[in-house]
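**Student:** Here is a sequence together with a model predicted from it:
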Protein chains: 2
Amino acid sequence: MTVNRRFLLTRRPHGVPVPDDFQLAEEAVPQPGEGEFVVRTIYASLDPAMRGWLDDVPSYMPPIPLGDAVRASVVGRVAASRDPAFPEGAWVSGLGAIEEYSVARSGGFMRRIDPDAVPSPSNYLSVLGAVGMTAYFGVTDVLAAKPGQTLLVSGAAGAVGSLVGQIGKIIGCRTIGIAGSPEKVRRLTQDYGYDVAIDYRGKDRAALEAEIHAAAPNGVDLVFENVGGDILDAALTNLADHATVALCGMISEYNSPEKIGARNVWQLIVHRATIRGFLVSDYLPRFEEGIGTMAGWLGEGRLRVDEHIDRGIENALPAFLRLFEGTNEGKMILQVGEA
Amino acid sequence: MTVNRRFLLTRRPHGVPVPDDFQLAEEAVPQPGEGEFVVRTIYASLDPAMRGWLDDVPSYMPPIPLGDAVRASVVGRVAASRDPAFPEGAWVSGLGAIEEYSVARSGGFMRRIDPDAVPSPSNYLSVLGAVGMTAYFGVTDVLAAKPGQTLLVSGAAGAVGSLVGQIGKIIGCRTIGIAGSPEKVRRLTQDYGYDVAIDYRGKDRAALEAEIHAAAPNGVDLVFENVGGDILDAALTNLADHATVALCGMISEYNSPEKIGARNVWQLIVHRATIRGFLVSDYLPRFEEGIGTMAGWLGEGRLRVDEHIDRGIENALPAFLRLFEGTNEGKMILQVGEA
């Protein structure tokens, strides 16, 4: 291969990203400089948080510069190397971009992975990647979940939410999941072990509040929030005293210039409750612990991992938009190249 | 006196309370039953939280039943007694109502107080009452303020906020206060020791955000929130990483059936920040510690306490509404009777 196809951000999206915000460029495959290596991308992770990086708004990561390839977590193999620690053919994972070839150097964001330790190397972008670590540290540290507590999860059939529910059950929580279709609701109880599953579609805030109340008449002790909007508001009116809400994401708002936020935040006073925002990157020093525990549960067959893999870099945008349409079934991954 | 004038709730207010929501009834002065005593009310505390008790909404306290006198913290003296622990003439404070005479019994919500230990017995409704304990435990426990941290306070000239700022300075914080008039802003720096004072009147959210940013370019570590609305939103865009927001009240919303809440709650994710709702009643077991510390600072001249005392039970409603108009200068207290 001599051509490097790259999915470039060429304009800041307003609301839902459209094809004209991007360009699929063809460039020469880069060569590694001294101490560098070139990664051939096999899998790129598509995550809701990437929507924020497309905006020109200071956040926990700098905005993606216009003209750059869209930043993403990736799994790939070393295609050329001038770094003996990353020999040609080695499997790696880390922060890369949606492009066929990326230049990297050791001490940066790429680390070697063992593809034989997992059912599929793509698992390093799901259960053993940021998604899995978000679920693991969100439940065990941010929420500090304990046996017998009631755990409400929004986006419960999603990449993070499906793992959150399963970790909750392993710990001994009662789990209530909210998702957006009859098929997803079926998966919540049958595939991810949720005790109660709620379909939010077609329900206003009051109906949703009533349904959560019916599932947890004494209130919920823990909320793992991925969605925001009416769903967060309905959760806030169902808090038990001293409840904790882990604020992981608010996908319902990422394409909206005007934010709804949390209209029922006054309920935090009534119930002496806490909302804690968190980023998985703060747990990097503990990733080894998290990956070890999750890999152990995976090996014991206690975690079901669903991945939704779309193929072809030319499908990057429609694959990304599935996250907001809710048409993905599992962790959204784009296969950019062959193993 | 044979007449007991009582300020009764006769209709649930919609929005701002109006005179027709209440009735000033004249009843016979109650007589104490066995083990009871009758308290003659001298001072009644008027607090924003009382607005919530007027609604028929379950909260941390039951709604005030229609036809009952409006619940309030009071300071009074025992007028008649069949309980030797509360002899006639004794000074008491506790949860009573806006009425000239109340029946109480020991083991209930009344405790004896020492009027000679303070400049005025009304201080038991301000610096040594719920207001003072809210400020004390909000700063020292909910926020766990430490020397060198930047503390932003909304409603900073109010009963709670003025104490919050002073406690923050005693601890060694840099304090930024927000209030709603040039006169209040003057008091923030001159009377309550705030390092920076911001007048929110006439400013939109963006202007307020910019003004907080100018006062704290690296963000605020701690927020003591009394107001909500645009002021809370502007605070949320100015958080330092790992900031804590103590959510004490949201007075800007108490008369609004539709809540704004916290539109910028997504900033909690960006800054891995926390909002903690709290109620001072959870600190009842530690009130002795709090009252002791605050009384000590008061005795040392380190706390300035302002009380705004309106006179006459017939003025209960306009005095209460001052809290929402912002026309009180200090802790709002209604003097119902003479000492």
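**Tutor:** Received the coordinates, thanks. Owing to the predicted nature of the structure, the values given are computational and were not obtained by experimental measurement.

**Student:** need the residues of chain A near chain B, please.
**Tutor:** A:59-60, A:228, A:233, A:247-250, A:253, A:258-279, A:282 (Cβ under 8 Å from any Cβ of the partner chain). The way it works is simple: take the backbone N, C-alpha and C, and place the C-beta from them, glycine included.

**Student:** Which among those residues count as buried?
**Tutor:** A:59, A:228, A:233, A:247-250, A:253, A:259-279 (16 or more other Cβ atoms under 10 Å in any protein chain shown).

**Student:** A:Val78 is in contact with A:Thr41, isn't it?
**Tutor:** No: with contact defined as Cβ atoms under 8 Å, A:Val78 does not count as touching A:Thr41 (11.4 Å).

**Student:** Looking at those two, which has the bigger crowd around it?
**Tutor:** A:Thr41 (27 against 21; other Cβ atoms under 10 Å in any protein chain shown).

**Student:** How are the helices of chain A distributed by residue range?
**Tutor:** In chain A, the segments counted as helices under DSSP state H are A:50-54, A:130-137, A:159-171, A:182-190, A:205-215, A:229-236, A:267-270, A:287-299, A:316-325.

**Student:** Reformat the ones you listed as a markdown table; add mean pLDDT and distance to A:His14.
**Tutor:** Supplementary listing: the helices of chain A in a markdown table, determined by pLDDT from 0 to 100; distance: least, Cβ to Cβ, whole Å:
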| stretch | mean pLDDT | distance to A:His14 |
| --- | --- | --- |
| helix A:50-54 | 94 | 10 |
| helix A:130-137 | 96 | 27 |
| helix A:159-171 | 97 | 26 |
| helix A:182-190 | 97 | 29 |
| helix A:205-215 | 97 | 27 |
| helix A:229-236 | 96 | 19 |
| helix A:267-270 | 95 | 32 |
| helix A:287-299 | 93 | 35 |
| helix A:316-325 | 96 | 14 |
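
**Student:** so can I have a markdown table of the ones you listed showing distance to B:Gly33?
**Tutor:** A markdown table is the format used below for the helices of chain A (distance: least, Cβ to Cβ, whole Å):
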| stretch | distance to B:Gly33 |
| --- | --- |
| helix A:50-54 | 65 |
| helix A:130-137 | 59 |
| helix A:159-171 | 53 |
| helix A:182-190 | 57 |
| helix A:205-215 | 40 |
| helix A:229-236 | 43 |
| helix A:267-270 | 34 |
| helix A:287-299 | 63 |
| helix A:316-325 | 66 |
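
**Student:** So for B:Ala49, which of the ones you listed sits nearest?
**Tutor:** For these, proximity to B:Ala49 was assessed by Cβ to Cβ; helix A:267-270 is nearest, at 8.7 Å.

**Student:** For the closest one, give me every contacting residue.
**Tutor:** Here helix A:267-270 makes contact (Cβ atoms under 8 Å, 6 or more residues apart in numbering or on different chains) with A:236-237, A:239, A:273-275, B:59-60, B:247-250, B:275-279.

**Student:** and with 10 Å instead?
**Tutor:** A:233, A:235-239, A:241, A:243, A:245, A:262, A:264, A:273-275, B:49, B:52, B:57-61, B:225, B:245, B:247-250, B:259, B:261-262, B:275-279 (Cβ atoms under 10 Å, 6 or more residues apart in numbering or on different chains).

**Student:** Which of these fall in strands?
**Tutor:** Counted as lying in strands by DSSP state E, out of the contacts of helix A:267-270, are A:Leu239, A:Asp241, A:Ala243, A:Val245, A:Thr274, A:Ile275, B:Glu225, B:Val245, B:Leu247, B:Ile275, B:Arg276, B:Gly277.

**Student:** and the third one, what is it in contact with?
**Tutor:** Pointing back at A:Ala243 there. So A:Ala243 contacts A:143, A:149-150, A:152, A:219-223, A:235-236, A:267-268, A:271-275, B:277 (Cβ under 10 Å, 6+ apart).

**Student:** hmm, 8 Å instead?
**Tutor:** Contacts of A:Ala243 by Cβ under 8 Å, 6+ apart are A:Gly219, A:Val220, A:Asp221, A:Leu222, A:Val223, A:His271, A:Ala273, A:Thr274.

**Student:** next one: A:Gly229
**Tutor:** Neighbours of A:Gly229 in contact, by Cβ under 8 Å, 6+ apart: A:Met250, A:Ser252, A:Glu253, A:Ile260.

**Student:** change it to 10 Å
**Tutor:** By Cβ under 10 Å, 6+ apart, the neighbours of A:Gly229 are A:154, A:200, A:205, A:250-253, A:256, A:259-263.

**Student:** Next: A:Asn328.
**Tutor:** Neighbours of A:Asn328 in contact, by Cβ under 10 Å, 6+ apart: A:46, A:157-159, A:306-310, A:319-322.

**Student:** hmm, 7 Å instead?
**Tutor:** Residues near A:Asn328 by Cβ atoms under 7 Å, 6 or more residues apart in numbering or on different chains: A:His308, A:Arg322.

**Student:** A:Arg276 and A:Leu247 touch, don't they?
**Tutor:** Yes: between A:Arg276 and A:Leu247 there is a contact under Cβ atoms under 7 Å: 6.5 Å.

**Student:** Tell me which residue lies nearest the centroid of chain A.
**Tutor:** Nearest residue to the geometric centre of chain A (Cα atoms, centre = their mean): A:Val131, 4.4 Å.

**Student:** how much space between that one and A:Gly161?
**Tutor:** Remark: distance between A:Val131 and A:Gly161 (Cβ to Cβ, to the nearest Å) = 10 Å.

**Student:** Check A:Asn226 too.
**Tutor:** 6 Å.

**Student:** if I look at these two, which residues touch both of them?
**Tutor:** With Cβ under 7 Å, 6+ apart, A:Asn226 and A:Gly161 have common neighbours A:Ser154, A:Gly155.
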